[in-house]
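K.L.:
Got a predicted structure here, sequence first:
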Amino acid sequence: MLDVRRLRLLRELAHRGTIAAVAEALSFSPSAVSQQLSVLERETGVSLLQRTGRRVALTPAGQNLVRHTEDLLERLERADAELAAVRDGLAGPVRIGSYPSATHAIIPAALAALAREHPALEARVTDVDPAGVAAALRAGDLDLALVHEYDFVPAEPQPGLTGQELFTEPMYLAARTPSSLADHATSPWITAPPGRLCRTMTVRACQAAGFTPRVRHEVDDFATVLALVALGQGVALVPHLGATAPPPGLTLTRLAMSRRTRTVHRAGAANHPAVATVTAALRMTLPPELR
């Protein structure tokens, strides 16, 4: 009989690429991960890993076992959801991941509704960069998360995860005067640091307009970005949730692009009472302009 815990380690290796990354994510030592994967190979009787120096890759048999593991874990999530549905009432922790502008503008109203209607349900919110959401969900550190994508930065499929659209918001050009993207080919720009989705979105949107933005400031907070724009320090692209309280001295020009937010959870968990209840609360408490 194959051990589900060892199968999870193999699945994480397939997604993370290195034993060290699996160990760090799951709070194991690298040697413990290697030992458990070796035991799994003995249990299956076939080679699951190819080792070349410090690198490890899955064999075809290992890749096939990961596909079966994804199906198995989804069935376990469904079983857990069915068991939770027959328990009396909603109680205990539910861990929610969110990105900062949604945490500020969307999450509080949903938490208030949950506290009123399900006082025994303990919602716990953590700001998580969208790039880290998949790993946190698969590791069991989160039960549900809000993630976003931009027109110029579509989300990549994540095996083992699923979700549904929550809302779409417009994007704006923040500048001191009404203008278009093409008007700012030589202007200084304010963007998030490299590696952030909104940085990639800004660069790709400008490139689609025929230029590469000249970045002056790297700031990962929309309120600060807008304050800098108002002071004449540059221009920026901001989503609706990041522009709800613009300071005087700037203009927001709506663009023909948008940011989409969806809820994401482990495959099979859609009908878990806690996940379904939080999802419903998020949808019901959205600001009117996002419904």
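P.N.:
Arrived safely.

K.L.:
how near is the residue of the chain most remote from its centre to Leu2?
P.N.:
Within the chain, Gly45 marks the point farthest from the mean C-alpha position, 36.9 Å out by Cα atoms, centre = their mean. Counting by Cβ to Cβ, to the nearest Å, the gap from Gly45 to Leu2 is 11 Å. Any C-beta I mention is one placed from the backbone N, CA and C, and that applies to glycine too.

K.L.:
now do Ala276
P.N.:
30 Å.

K.L.:
Name the residue in those two with the higher neighbour count.
P.N.:
More crowded of Ala276 and Leu2, by other Cβ atoms under 10 Å: Ala276, with 18 against 14.

K.L.:
pretty sure the more buried one is in a strand, no?
P.N.:
No. Using DSSP: H, G, I helix; E, B strand; the rest coil, the assignment for Ala276 is helix, not a strand.

K.L.:
what's the nearest residue to it if we skip its chain neighbours?
P.N.:
Excluding its sequence neighbours, the residue lying closest to Ala276 (Cβ to Cβ, 6 or more residues apart in numbering) is Ala270, at 6.9 Å.

K.L.:
from what I can see the one you found touches Val278, true?
P.N.:
No. Under the criterion of Cβ atoms under 8 Å, Ala270 makes no contact with Val278, lying 11.7 Å away.

K.L.:
okay, those two: which has more neighbours?
P.N.:
Neighbours were counted for Ala270 and for Val278 using other Cβ under 10 Å; Val278 has more, 26 against 17.

K.L.:
How many neighbouring residues does Glu280 have?
P.N.:
No, residue 280 isn't Glu; it's Ala. Ala280: 14 neighbours (other Cβ under 10 Å).

K.L.:
that's a helix at it, yeah?
P.N.:
Yes. Using three-state DSSP, the assignment for Ala280 is a helix.

K.L.:
any idea how far Thr200 is from it?
P.N.:
Taken as Cβ to Cβ, the span from Ala280 to Thr200 is 32 Å.

K.L.:
Ok, Pro248 next?
P.N.:
Applying Cβ to Cβ, the value for Pro248 to Thr200 is 30 Å.

K.L.:
So which of those two has more stuff around it?
P.N.:
A count of neighbours by other Cβ under 10 Å puts Thr200 above the other of Pro248 and Thr200, at 16 against 5.

K.L.:
close enough to count as contact, the more buried one and Val153?
P.N.:
Yes. Look at Thr200 against Val153 with Cβ under 8 Å: they come within range, at 5.0 Å.

K.L.:
just the strands in this structure please.
P.N.:
49-52, 55-58, 92-98, 121-127, 144-150, 161-175, 188-191, 214-218, 236-239, 251-266 (DSSP state E).

K.L.:
would TSV of the ones you listed with mean neighbour count and mean pLDDT be doable?
P.N.:
Putting the strands of the chain into TSV (neighbours: other Cβ atoms under 10 Å; pLDDT from 0 to 100) gives the following:
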stretch	mean neighbour count	mean pLDDT
strand 49-52	12	84
strand 55-58	15	84
strand 92-98	19	96
strand 121-127	15	96
strand 144-150	23	96
strand 161-175	19	96
strand 188-191	22	98
strand 214-218	15	98
strand 236-239	26	98
strand 251-266	18	96
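
K.L.:
No further queries at this time; thank you.
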